[in-house]
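> the following block contains a protein sequence and its predicted model.
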Amino acid sequence: MALITFTSDFGYSDHYVAAVKAKILSQEPQATIVDVSHGIEPFNIAHAEYVLGSVFRDFPEGTVHLAAVDTNGSKYGKYHAAKYKGHYFLLADNGLLSLLTDGQPEVVVELHADFPLMPFPAKDLLAPAALYLSKGGELEVLGERTQHFKQLLNRQLRLGDHAISGHVIHVDRYGNLITDITRDSIETIAHGRTFTVHFARETVGRILPNFTQVDDGDCCCIYNSLGQLCIGINKGHAAELLGLGFDSQVDVRFYPGS
């Protein structure tokens, strides 16, 4: 039986997470459910994409990812099961699928629902479908194939000969600012040149191994484990202290010579 991961915007103060798990475990007590996060900001598709998109590839192929974020986001009550790079996804038609798969899932089906506008679709529709897929079930049994699902676009980097312009795509719980600028993009443009990172009114000229390489309260840049450029303050909350947040602009500028 394949793993089931569970990501939601349900939080931790209500019974919703337990109710979805109970639905699965009451039918299959041996099911393995791995919590990714239930702290996704309510209805925040970009937050869900960053969190689940950062980790789903680390799970074995065949893993089923139940993404109960903004589950009532479609007024038409549409829900999908999809396959992408050997993984399965169950989620509402709210644009999250397009972000997770760059708009190119291999197979998408619209789930059959007896009552499309149900009050708790994560429990009553997505959970049973997740269990079915985890047991090796076929996508096509769950619904009709479709190519119609809500499309959202991830922000694209602006790359030039002497600069990269990107944005903050996530603020983690420590206040660190994660950007869509990657180590690969910087090294591709740099060709050995020096560069500086610009954000707010700050300029940083080095990428350090981790935040502890500067004094407490000082700002620095690192690459995280995913190779993304991150801005942080050692023992401080960078987002609050710098006045930056989701979608704030970050630039990397390159200079002649080495």
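Received, thanks. Numbers count the residues shown, from 1 in each chain.

> all contacts plus neighbour counts: C-alpha atoms, from now on.
OK.

> mind listing what's buried along stretch 42-51?
43, 45-51 (16 or more other Cα atoms under 10 Å).

> just for the stretch 151-258 of the chain, where's the confidence low?
257-258 (pLDDT under 70).

> and what of the stretch 1-150 of the chain?
For the stretch 1-150 of the chain (pLDDT under 70), the answer is 73-76, 115-116.

> show me where it has its helices.
Counting by DSSP state H, counting those that start in this stretch, one finds helices in the stretch 1-150 of the chain at the ranges 16-27, 45-55, 96-100, 121, 127-134, 139-142.

> now do the shortest one: distance to the chain's middle.
Taking Cα atoms, centre = their mean, to the nearest Å, one finds helix 121 lying 21 Å from the centre of the chain it belongs to.

> who's in contact with that helix?
Residues from elsewhere that reach helix 121 (Cα atoms under 8 Å, 6 or more residues apart in numbering): 71-72.

> equivalent analysis for the last one, please.
The list of residues contacting helix 139-142 from outside it, by Cα under 8 Å, 6+ apart, reads 81-82, 109-112, 129, 133.

> I figured Ile33 hits Met1, correct?
No - the criterion here is Cα atoms under 8 Å, and Ile33 misses it with Met1 at 11.0 Å.

> around Leu99, how many other residues sit close by?
Per other Cα atoms under 10 Å, the neighbour tally for Leu99 reads 20.

> in contact with it, which residues?
49, 151-154.

> tell me the contacts of Leu25?
Listed by Cα under 8 Å, 6+ apart, the contact set of Leu25 reads Ala31.

> tell me the spacing between it and Ser54.
Counting by Cα to Cα, to the nearest Å, the gap from Leu25 to Ser54 is 27 Å.

> list the contacts of Asn176.
By Cα under 8 Å, 6+ apart, the neighbours of Asn176 are 230-233, 237-239.

> likewise Leu131?
Leu131 neighbours (Cα under 8 Å, 6+ apart): 4, 24, 28, 31.

> how much space separates the third one from Lys21?
As judged by Cα to Cα, Glu28 and Lys21 stand 10 Å apart.

> these two: who's more crowded?
Lys21 (17 against 12).

> strands of the stretch 1-150 of the chain, start to end?
4-8, 33-37, 64-68, 79-84, 87-92, 107-111, 143-145 (DSSP state E, counting those that start in this stretch).

> quick one: which of these is nearest Ala163?
Ranking these by proximity to Ala163 (Cα to Cα) places strand 79-84 first, at 33.0 Å.
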